[in-house]
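A.B. asks: Turn this into a model:
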Amino acid sequence: MMGDKEDNTGSFSEEAKTEEQKAKPIHPRPSLISPELKAMIRIRTKYQALKRRRLDSATGFFASGRPSTGPDPSLPTAPGRPSMGPGPPTAPEIFTSNVKQPTHRRRRRKGSRVLFPNNCCKVVPSDKDRSRAKPFFVLFGIIVCLQVYNAIENLDDHVTPYDLEGLDKTLRREVFGQQGAIEELMEHLQGYLSTYAHSQPLALALHGPSGVGKSHLGRLLVRHFRSVLGEDLVVQYFTLHHCPVQGDVDQCARELSLWVEEVVEHAEAQEKIPVFVLDEVELMTAPLLDVLQGLLQPNQTNEHLNVIYVLLSSLGQEEITRHILQNVSCTAKSAGALLRRTLAEHHPLWAEMGLDIVSLTLLEKSHVMECLLEEMTQEGFYPDHGHIERLAEELSYFTTMGHQYSQNGCKQVVARVNLL
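C.D. replies: Numbering: from 1, shown residues only. Take a look at the predicted model:
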């Protein structure tokens, strides 16, 4: 009995010990492998298993892992083909190192443009924070395109009231031998009259020898522009008439300045461009030339910038005549730079960059014959070609390289016709 009690107490104590051990928490042993390394091992194991599975499916492995590449001995062989025999099948040669599997990359779809990154995270801005620069530039581009289109459409609207096409036809029909000068003159007028906003007035200085048609060209310009602008916006100024030699030169300068001021203000009120044709500029004194130089300056009011000045002068006729006789193949336009240097010594007016010099050339014998025919027709004569040629032979000419240039142009034509 005592032994049984001891056994019971012993088993009792053992059960109590086991329960105490179960009740105590089990602390895991520290591992020598870090969690990152374990994760890498798991990934590598999964990758190798996946690779083996793909290789087995591609090469025809069975579940046992042995390849089935040999023919089945129970199946009949094709005629003319030897049997492989009952020996063990050989595994096929597999070359996987040089085979590149086609990769299909998915093209990333570009999201909306990020304008306001928030610290390290880029977020699309809300409508409140979205930049307004893009709509502004789009609207600005539309406005610029409309302005350019409107300006192109209005080019003809500015030029049409001046009828430059009719002026060009008139000058080519009635001014003989000056086709190059007329083209240059029309280019300047076309470019200036195509718009109403200018940075400086248009100043054209027409120079040429006596009798080549300077005054006649000035009269045609005055007649044409008076027909399209009106009498009060076109001024024809003759130096000997408006400022005689015995007159007060300073008073003439003041009168010319006041006259220009009055016409310019009147033209500004009508939104038109006035025209001043000043003849016999070679006879102007220094005060008058100083007034003209001041009128060509760009630092003036807007109404003084929208003006056309045409200066007619025989200054530099010796240089033009010498240049044409020495360079028959060249036009009078090539003498512009030489003529500007010569005229600048006479007065600083011709050194102004805003003054464009147009040179008129000498008239040939054929041009003099056209002048005779025109004058005789106006007087009521209807001569033949032989009669006109005999009258042209009576005039004086420069002869060079097979060309005959009139020494006095058409100046003596009227006198010859009056003698008939």
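A.B. asks: contacts, neighbours, all on C-alpha from now
C.D. replies: Noted.
A.B. asks: before we move on, which element is Thr399 in?
C.D. replies: strand 397-400 (DSSP states H and E).
A.B. asks: Need the contact partners of that strand.
C.D. replies: For strand 397-400, the external contacting residues (Cα atoms under 8 Å, 6 or more residues apart in numbering) are 325, 365, 404-407.
A.B. asks: let's go with 10 Å and repeat that
C.D. replies: When contacts are defined by Cα atoms under 10 Å, 6 or more residues apart in numbering, strand 397-400 is touched by residues 321, 324-328, 362-365, 403-409.
A.B. asks: Below-threshold pLDDT in the chain: ranges please.
C.D. replies: For the chain, the stretches with pLDDT under 70 are 1-32, 60-132, 150-159, 329-334.
A.B. asks: What residue spans form the domains of it?
C.D. replies: 157-359, 365-418 (automatic domain parsing).
A.B. asks: So which of the ones you listed is the most surrounded?
C.D. replies: domain 157-359 (a mean of 17; mean count of other Cα atoms under 10 Å).
A.B. asks: Only the C-alpha atoms, please, for stretch 377-390, written as PDB.
C.D. replies: What follows is stretch 377-390, C-alpha atoms only, in PDB (Å, rounded to 0.1, in the frame of the first residue of the first chain):
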ATOM      1  CA  THR A 377       0.700 114.300-132.200                       C
ATOM      2  CA  GLN A 378      -0.500 116.700-129.500                       C
ATOM      3  CA  GLU A 379       0.100 119.600-132.000                       C
ATOM      4  CA  GLY A 380      -2.000 117.900-134.600                       C
ATOM      5  CA  PHE A 381       0.700 116.600-136.900                       C
ATOM      6  CA  TYR A 382       0.800 113.000-138.200                       C
ATOM      7  CA  PRO A 383       4.300 112.500-139.400                       C
ATOM      8  CA  ASP A 384       5.900 109.400-140.800                       C
ATOM      9  CA  HIS A 385       8.900 107.600-139.300                       C
ATOM     10  CA  GLY A 386      11.300 109.100-141.800                       C
ATOM     11  CA  HIS A 387      10.300 112.700-140.900                       C
ATOM     12  CA  ILE A 388      10.700 112.000-137.100                       C
ATOM     13  CA  GLU A 389      14.100 110.400-137.700                       C
ATOM     14  CA  ARG A 390      15.300 113.400-139.700                       C
END
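A.B. asks: contact partners of that stretch?
C.D. replies: For stretch 377-390, the external contacting residues (Cα under 10 Å, 6+ apart) are 365-366, 368-376, 392, 417-418, 420.
A.B. asks: redo that, cut-off 8 Å
C.D. replies: 369, 372-373, 376.
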